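Visitor: take a look and give me a structure for this.
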Amino acid sequence: MEAKTDAYYIAEVLGGNPEAFSPIVEKYRQLAFSLSMKITRNREDAEEAAQDAFVKAYRSLESFKGGAAFKTWFFRIVYTTAISKVRSANKNMVSLNEYKLSDSDLLDTENAIGQMDAEERSLQLHKAMEMLAPDESAILNLYYFDDLPVEEIATIMDLTASNVKVKLFRTRKKLYEQLHGLLKSANVLVY
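Guide: Here you go, the predicted structure:
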């Protein structure tokens, strides 16, 4: 049996068959939850954001013009829904003060990370990622873990490709600053 495309199901829904949206939900359910979870960092909020995103996508399906892939269009809805959920919950994120890493701090941090085993490195990275703002964490996840190209991230986040590159650069720097602080407080960095 031949698999039907997103375009087929969209046409069916727009043609008056609301049940045709079910295969789309099934196809993108886990991806929507995963992206929401990376942003909200809370299972209940992530489930609610993913569900809300499907409702929004269904209600605005006729505005989908096909200029981008449906997945990209839908991920933009998921992204904005999850970010809105975080903002409306007014969750307090650790803000970074204007502390800047020196070249020697950066080198010390890289050396310390390089000497850790994979499990410890992963744990420290996870802790540092949790300290970033949701949109910063999301951009790193989309680029490094979901392997999305800059252009697709730009569409999802409603930014230009240049802005995505700048945001990636700045967020990586903040991540290193967070890692440095974590390693310093854990006495892994010795001065």
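Visitor: going by C-alpha atoms from here, please, whenever you check contacts or count neighbours.
Guide: Will do.
Visitor: if I pick V164, what's in contact with it?
Guide: By CA atoms under 8 Å, 6 or more residues apart in numbering, the contact set of V164 is I139, V150, I153, A154.
Visitor: residues in contact with the host helix or strand of the third one?
Guide: Right, I153. Using DSSP states H and E, I153 sits in helix 150-157. The contact list for helix 150-157 (CA under 8 Å, 6+ apart) reads 72-73, 75-77, 79-80, 139, 142-143, 159-161, 163-165.
Visitor: could I get that helix in CSV with only the CA atoms?
Guide: Only the C-alpha atoms of helix 150-157 are listed here, as CSV (Å, rounded to 0.1, in the frame of the first residue of the first chain):
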residue,chain,number,x,y,z
VAL,A,150,19.7,27.2,9.2
GLU,A,151,17.1,28.1,6.6
GLU,A,152,14.5,25.8,8.1
ILE,A,153,15.3,27.1,11.6
ALA,A,154,14.9,30.6,10.3
THR,A,155,11.4,29.7,9.0
ILE,A,156,10.4,28.0,12.2
MET,A,157,11.6,30.9,14.4
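Visitor: buried residues in that helix?
Guide: Applying a neighbour-count criterion of 16 or more other CA atoms under 10 Å, one finds V150, E152, I153, A154, T155, I156, M157 buried in helix 150-157.
Visitor: from the centroid of this protein, which residue is nearest?
Guide: Centroid-nearest residue in the chain, with CA atoms, centre = their mean: A138, separated by 2.5 Å.
Visitor: pLDDT value on that one, please?
Guide: Per-residue pLDDT puts A138 at 91.
Visitor: so the residue lying closest to it once chain neighbours are set aside is in which element?
Guide: Residue nearest to A138 in three dimensions, not counting chain neighbours: I39, with 5.8 Å by CA to CA, 6 or more residues apart in numbering. Counting by DSSP H and E, the element that carries I39 is helix 22-40.
Visitor: hmm, who's touching that helix?
Guide: Under CA under 8 Å, 6+ apart, the answer for helix 22-40 is 6, 9, 43, 45-47, 49-50, 54, 71, 75, 78-79, 82-83, 85-86, 134-135, 137-138, 141.
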